[in-house]
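Novice: Fold the stuff below for me.
(one chain, ligands or ions: 1)
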Amino acid sequence: MAQYTRISGSVGLITLKNPPVNALSAVVRQGIVDSVERALGEPEVKCLVICGQSGKFCGGADIREFGKKMTGPPLIPVFHAIEAAAKPVVAAIEGIALGGGLELALGCHYRIAHSKAKLGLPEVTLGLLPAAAGSQRLPRLIGVPAALDLITTGRHVTAAEALQLGIVDQVTDHNTVDAAVKFALSVAGQSLDARRISTFPCPRLSNLDAVFEAAMQKVRQAARGAIAPIACVQAVRAAATLPYAQGLEREKELMATLFTSGQARALQYSFFAQRAVGRWSMPSGARWDTSKPKPIRKAAVIGLGTMGRGITVGLAQAGLSVVAVETQEKQLMEAKQAVSGMLERGAKKRGVSPPLGNISYSSNIKTVGDVDLVIEAVFEDMALKKEVFQQLSAVCRPGTFLCTNTSGLDIDDLASQTPNPELVVGMHFFAPAHVMKLLEVVYGPRSSPQAVATAMQLGKVIGKVSVAVGNCQGFVGNRMLSPYLSQANFLLEEGATPEFVDQVLEEFGFAMGAFRMSDLSGLDVGWRVRKAAGLVVPGQPARMRQGCRYSPLGDLLCEQGRFGQKTGSGWYQYDKPGSRVAKPDPWLHSFLEEYRTRHGLVARRIDHQEVLERCLYSLINEGFRILEEGIAAGPEDIDVIYVLGYSWPRHRGGPMFYADMVGLTRVLERLEFYHQAHPDVPSLQPCNLLRKLVASGSPPIHRWREVIKKVHSQL
Ligand SMILES: C[C@H](O)[C@H](C)C(=O)SCCNC(=O)CCNC(=O)[C@H](O)C(C)(C)COP(=O)([O-])OP(=O)([O-])OC[C@H]1O[C@@H](n2cnc3c(N)ncnc32)[C@H](O)[C@@H]1OP(=O)([O-])[O-]
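Specialist: Modelled structure (predicted):
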């Protein structure tokens, strides 16, 4: 709702009330209409102030209403009524003014913001564009280049930057409503003709076409197939080239193409999925709201390689006291320098001083005796990790949580090295650890709900989106990646090239296809994992392991020292070791031909559809197995992991959402088709849960948890 009160005798105060972010739901919109009418009708009232309850102005349109039948007054006429008002209307912006919230403020005649407020038009991140005249008013107020930047990126700006850009008229450190009331009284009775933004001419640009061509090129490159950023550029162009009313029509047309698009649904699903994963649960029944986390004030990081350094930076930046341990003196000095550098660069970007004092460095593991939680990040070797856990059990005080950054080793096996396995969980960070948003929190069968709650809470404190998953080889992300990469290798055996497979996957929206990604992370990483799993042993049949098809292509490249970017060659050729520009490698093409001949394989023509379906459906099928086993509680967990950790294109929602969009019947049919052609590839054999979902009429994704619960209760 929107509450109307009269204050200071002649000020009409309208307070938006719709927790948690005062979104512009139908009721709130109607409340604004009624309150503005009332204030304009009361002669005593000389001016109006609009604010939001609980220190938040407005989070925009109510996303929960999207996809439902529209009720209540539409936003544009509401904002026009405010702009047309004969009495000054001042927006008192506290906390947030985002999307429709900022558009409401742009409809007002003046904007006063608190210094801590964040403002922006993030609609593009939801697959939309600012559709309450924001794409027409903002360019008129701040100019085309600045408006293009804010609208195509959706980034939030601080109050200080908003003042500098001209979005707000004043910034205060004090009570914003009081400041707005004082300001409103000071301008009451003055002409408002120069304050109605929709009447402003859009600032002219001598190189208008060049500006828009550059903007369009930039968004097309970054979009990877997303359509909203392109529509955003077109809407701002309308503002720069058309009269306001026509521009508004264009905005409406463009929004209509986006609103019902699959991409908008995928991005809004992703928005809520990232919030839903915080409401975690375990098969034991333990849940986010019944398990109390322990506060972590002091933490330790063991092993200061690339991951350990990033984790240390993340903890220190979040204000924790950190003990950073590296037993190799030389490595310790290098790490200290690297960490300090990362902290200084981060602090400079945020305009704060670097928290260098939060970290103490040591080469002696005995110095972690008084910490609340330890994150082990040593080399990915089980024997070494077990040794570290034994040492930690000896030096840490009782109750210290012991966490490991392993990317797929057995958490419970590590827990067995300690007297308190209930205090052991996995905290799987993604490189670079101080940048990537995702944190996979992995619980073993003996991990306590409090240990999970503590790790999830710590993830939130250091700015991560944490997802709680069960212990299994490769956890969720890497486990699903394995069939995806196997299919990519099998496709090479059958006639495809790395360039073709990668092109198909990058057109789908991945930042990098399977082979460019492997070259980046290093082919030797997977080789070590396969060796540890006993898959690379001389004397085994070349292309079979335990009765299943196996491709030794990656092993053969590693045996020749082709580890990817780091060695200057892998699936692609690079100018020199460390170079990032992948070039097709004639040597690899002849190697593949020779390999096929040696194994009696005949290359055949493989099309886009087959590459996409075999790589993605085998990955999705593994996702269904993970849901069936209860390793992930719901499809949202898997989708958030893939969007934030494995560059699954956000505008496709995630693997499970994509399966829902394609249609489960189709996914099942295609898996059956490919499994029939490749009976020795178990990852193509449709998972029972998928069959059950199809048999129960392929319910929409938000109802899968019910079917999963039923399946678990029958187990
Ligand atoms: C016409 C117009 O042009 C168009 C078409 C539009 O306007 S489109 C809409 C444009 N607006 C946005 O893109 C802003 C989206 N929101 C955010 O970016 C963030 O939420 C936040 C505002 C910066 C707060 O972050 P937070 O970290 O403090 O808390 P939270 O956990 O994120 O959010 C707290 C709770 O609020 C819910 N929530 C947040 N914003 C919401 C919104 N706009 N509508 C409905 N619910 C919303 C959210 O789901 C969560 O619920 P629950 O999980 O507790 O049940």
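Novice: for stretch 105-114, the distance to its chain's centre please.
Specialist: How far stretch 105-114 lies from its chain's middle: 30 Å, per CA atoms, centre = their mean, to the nearest Å.
Novice: Could you tell me the phi and psi values at the closest residue to the ligand within the stretch 301-450 of the chain?
Specialist: Going by CB to the nearest ligand atom, the ligand is nearest to residue 437 of the stretch 301-450 of the chain, at 12.3 Å. All C-beta spots, glycine's among them, are computed from the backbone N, C-alpha and C. Here is the backbone geometry of residue 437 (degrees, to the nearest 10): phi -80, psi -20.
Novice: burial of it, as a residue count?
Specialist: Per other CB atoms under 10 Å, the neighbour tally for residue 437 reads 15.
Novice: Is it correct that it is in contact with residue 465?
Specialist: Yes: with contact defined as CB atoms under 8 Å, residue 437 reaches residue 465; the gap is 5.1 Å.
Novice: what sits in contact with each of the two?
Specialist: residue 644 (CB atoms under 8 Å, 6 or more residues apart in numbering).
Novice: how much space between the closest residue to the ligand within the stretch 1-150 of the chain and residue 130?
Specialist: Nearest residue of the stretch 1-150 of the chain to the ligand (CB to the nearest ligand atom) works out as residue 99 at 2.5 Å. Counting by CB to CB, to the nearest Å, the gap from residue 99 to residue 130 is 7 Å.
Novice: Same check on residue 319?
Specialist: Applying CB to CB to residue 319 and residue 130 gives a distance of 35 Å.
Novice: For residue 183, which three-state class applies?
Specialist: With DSSP: H, G, I helix; E, B strand; the rest coil as the basis, residue 183 sits in helix.
Novice: Tally up the residues packed near it, please.
Specialist: With other CB under 10 Å as criterion, residue 183 counts 21.
Novice: Which positions in the stretch 51-200 of the chain make contact with the ligand?
Specialist: By the rule CB under 6 Å from any ligand atom, the part of the stretch 51-200 of the chain lying against the ligand is 59-64, 75, 96, 98-100, 103, 122-123, 126, 128, 130-132, 134.
Novice: are any of the residues you listed buried, and which?
Specialist: The neighbour-count test (16 or more other CB atoms under 10 Å) applied to these identifies 59-63, 75, 96, 98-100, 103, 122-123, 126, 128, 130-132, 134 as buried.
Novice: wouldn't residue 54 be in contact with residue 19 here?
Specialist: Yes: applying CB under 8 Å as the test, residue 54 and residue 19 come out as touching, 6.8 Å apart.
Novice: These two: who's more crowded?
Specialist: residue 54 (13 against 9).
Novice: Please report how far the residue nearest the centre of the chain lies from residue 267.
Specialist: Nearest to the mean C-alpha position of the chain, by CA atoms, centre = their mean, lies residue 644 at 4.1 Å. Distance, residue 644 to residue 267, using CB to CB: 13 Å.
Novice: same thing with residue 161?
Specialist: Here residue 161 is placed at a distance of 25 Å from residue 267 (CB to CB).
Novice: Show the contacting residues for the nearest residue to residue 299 once chain neighbours are set aside.
Specialist: In this structure, residue 299 finds its nearest non-sequential neighbour in residue 373, 4.8 Å apart by CB to CB, 6 or more residues apart in numbering. Counting by CB under 8 Å, 6+ apart, residue 373 makes contact with 296, 299, 300, 400, 401, 402, 403, 454, 458.
Novice: 6 Å instead, please
Specialist: 296, 299, 401 (CB atoms under 6 Å, 6 or more residues apart in numbering).
Novice: and the helix or strand where the second one lies, which strands flank it?
Specialist: So the one you mean is residue 299. Residue 299 is part of strand 298-302 when elements are defined by DSSP states H and E. Counting by DSSP bridges, the strands paired with strand 298-302 are strand 321-325 (parallel), strand 373-376 (parallel).
Novice: got any ranges where the stretch 1-150 of the chain has weak pLDDT?
Specialist: Judged against pLDDT under 70, the stretch 1-150 of the chain has no low-scoring part.
Novice: Looking at the stretch 501-650 of the chain, which residue is nearest the ligand?
Specialist: Counting by CB to the nearest ligand atom, the stretch 501-650 of the chain gets nearest the ligand through residue 636, at 11.4 Å.
Novice: where does that residue fall, phi/psi-wise?
Specialist: According to degrees, to the nearest 10, residue 636 has phi -60, psi -40.
Novice: now it: how far from residue 657?
Specialist: Taking CB to CB, one finds residue 636 at 9 Å from residue 657.
Novice: Also residue 280?
Specialist: 19 Å.
Novice: How about residue 286?
Specialist: Distance of residue 286 to residue 657, computed by CB to CB: 26 Å.
Novice: Tell me which of the two has more neighbours.
Specialist: Under the criterion of other CB under 10 Å, the comparison of residue 286 against residue 657 puts residue 657 first, with 24 against 18.
Novice: Contacts only, for that one.
Specialist: 266, 269, 639, 701.
Novice: change it to 7 Å
Specialist: By CB atoms under 7 Å, 6 or more residues apart in numbering, the contact set of residue 657 is 266, 269, 635, 639, 701.
Novice: swap in residue 79?
Specialist: Residue 79 neighbours (CB under 7 Å, 6+ apart): 103, 104, 107, 132, 133.
Novice: Now do the helix or strand containing it: distance to the chain's middle.
Specialist: Secondary structure assignment for residue 79, by DSSP H and E: helix 75-84. For helix 75-84, the distance from its own C-alpha centre to the chain's C-alpha centre is 34 Å (CA atoms, centre = their mean).
Novice: helix or strand right after it?
Specialist: strand 89-93.
Novice: Check the offset of that next one from the chain's centre.
Specialist: 32 Å.
Novice: for whichever helix or strand comes after it, packing partners?
Specialist: Proceeding N to C from strand 89-93, the next assigned helix or strand is strand 96-98, under DSSP H and E. Helices and strands touching strand 96-98, by 3 or more CB pairs under 7 Å, 6 or more residues apart in numbering; DSSP states H and E, are strand 118-120.
Novice: How far off centre is the helix or strand following the strand it packs on?
Specialist: Counting by DSSP H and E, the element after strand 118-120 in chain order, helix or strand, is helix 134-142. Chain-centre distance of helix 134-142: 28 Å, with CA atoms, centre = their mean.
Novice: any idea which element residue 3 lies in?
Specialist: Using DSSP H and E, residue 3 falls in strand 2-7.
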